[in-house]
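**Student:** Structure of the sequence below:
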Amino acid sequence: MRNHHPHRSVHGGRHELGQNFLIHRSTIRGIVDLVAATRGPILEVGAGDGALTIPLARLGRDLTAIDVDEHRVQALRRRLPRVCVQQADALQHPLDHPVVVGNVPFHLTTPILRRMLSRRGWHHAILLTQWEVARKRAGVGGGTMMSAQAAPWFEFALHSRVPAQHFRPMPSVDGGILRVTRRGAPLVDPRERAAYERFVRDVFTGTGSGLAALVQRSGGVTRAQARAVIGELGLADHRLPRDLAPEHWAALWRATASRATASRSAARR
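**Tutor:** Here you go, the predicted model:
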């Protein structure tokens, strides 16, 4: 049986862990400045060698840093004895800090984001992700189904592009800084979240020519009702799901849900 190398993580090497360490000082400073504009304890995911952890610790706030690599965790504990450094997986560790920050392993960007958007307990997230993921989540060039499903509860903002050469080892794609903020007043009642998400999914994946046809099939309303809703919102029928703003999605949901309920009540009389 081959012995495990004492300096190699049991979870694999750097590439197996998806670690691309940020080395660009200006980018590091920009991320820390975004965190400094928030309040409350901080959770850093994917701490690595501490490129972000060290300047974050200088903010003087309660800071927990996690990484899956036990050797880097031990080294960071020695370097930052006042910081709570834990060996943990970002896909399993509780997201119970108001602020979450991290250089997210690129191959785990989407599952980590999905998990975050389904959890309570945090209010601000500043994440360095794959550029395309950051751009799509922020709605640049058109919204995605995932962003539309989360939009009533979260706001997404794209801050800057981070060239691949600002990482070591250098990844094959650029990174992007994405800020996610939980809305203080949700656009849709949280109790309706599951039904709302199904509605958005059905609109995005539905077939039909024009927005009215998509809304009719997804919202359980008649074509006339769908056209009336779209007209009330000032939307053109040729608009695509990716063109709709968060306020449009919330209004479409409220209008179609109320009309569908009224129609069902009338049918039972």
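
**Student:** Need the residue closest to the centroid of the protein.
**Tutor:** Geometric centre of the chain, nearest residue: Leu113, 3.9 Å, by C-alpha atoms, centre = their mean.

**Student:** List the contacts of Gly40.
**Tutor:** Taking C-beta atoms under 8 Å, 6 or more residues apart in numbering, we find Gly40 in contact with Arg61, Asp62, His97, Pro98, Val99, His123. Glycine gets a C-beta too; all of them are placed from N, C-alpha and C.

**Student:** Kindly recompute the last result at 7 Å.
**Tutor:** By C-beta atoms under 7 Å, 6 or more residues apart in numbering, Gly40 lies in contact with Pro98, Val99.

**Student:** if we can go back for a sec, helix or strand for the residue nearest to the centre of the chain, which one?
**Tutor:** Following DSSP states H and E, one finds Leu113 within helix 109-117.

**Student:** hmm, back to that, and the gap between the residue nearest to the centre of the chain and Val180?
**Tutor:** With the distance defined as C-beta to C-beta, to the nearest Å, Leu113 ends up 8 Å from Val180.

**Student:** do Arg223 as well
**Tutor:** Distance from Arg223 to Val180, by C-beta to C-beta: 36 Å.

**Student:** cool, Ala213 as well?
**Tutor:** Where Val180 is concerned, Ala213 sits at a distance of 32 Å (C-beta to C-beta).

**Student:** Phi first, then psi, for Gln86.
**Tutor:** Here is the backbone geometry of Gln86 (degrees, to the nearest 10): phi -130, psi 150.

**Student:** Next, the contact list for the closest residue to it other than its chain neighbours, please.
**Tutor:** Once flanking residues are discounted, Gln86 sits nearest to Ile66: 5.0 Å by C-beta to C-beta, 6 or more residues apart in numbering. By C-beta under 7 Å, 6+ apart, the residues touching Ile66 are Val45, Ala47, Gln86, Ala88, Ala90, His93.

**Student:** Tell me the secondary structure of Ile66, please.
**Tutor:** With DSSP: H, G, I helix; E, B strand; the rest coil as the basis, Ile66 sits in strand.

**Student:** Give the residue spans of the stretch 51-200 of the chain that score low on pLDDT.
**Tutor:** Filtered on pLDDT under 70, the stretch 51-200 of the chain yields no residues whatsoever.

**Student:** which residues of it fall in strands?
**Tutor:** 63-67, 84-87, 99-103, 124-130, 154-162, 167-168, 175-182 (DSSP state E, counting those that start in this stretch).

**Student:** May I have the strands that pair with the fifth one, each with its orientation?
**Tutor:** Translated: strand 154-162. Within its sheet, strand 154-162 is paired with strand 175-182 (antiparallel), according to DSSP bridges.

**Student:** on that earlier part again, who has more neighbours out of Ala213 and Val180?
**Tutor:** When neighbours are counted by other C-beta atoms under 10 Å, Ala213 and Val180 differ, and Val180 comes out ahead with 21 against 16.

**Student:** who's in contact with the closest residue to the more buried one other than its chain neighbours?
**Tutor:** Nearest residue to Val180 in three dimensions, chain neighbours excluded: Ala125, at 4.2 Å (C-beta to C-beta, 6+ apart). With contacts defined as C-beta under 7 Å, 6+ apart, Ala125 is in contact with Val100, Met116, Val180.
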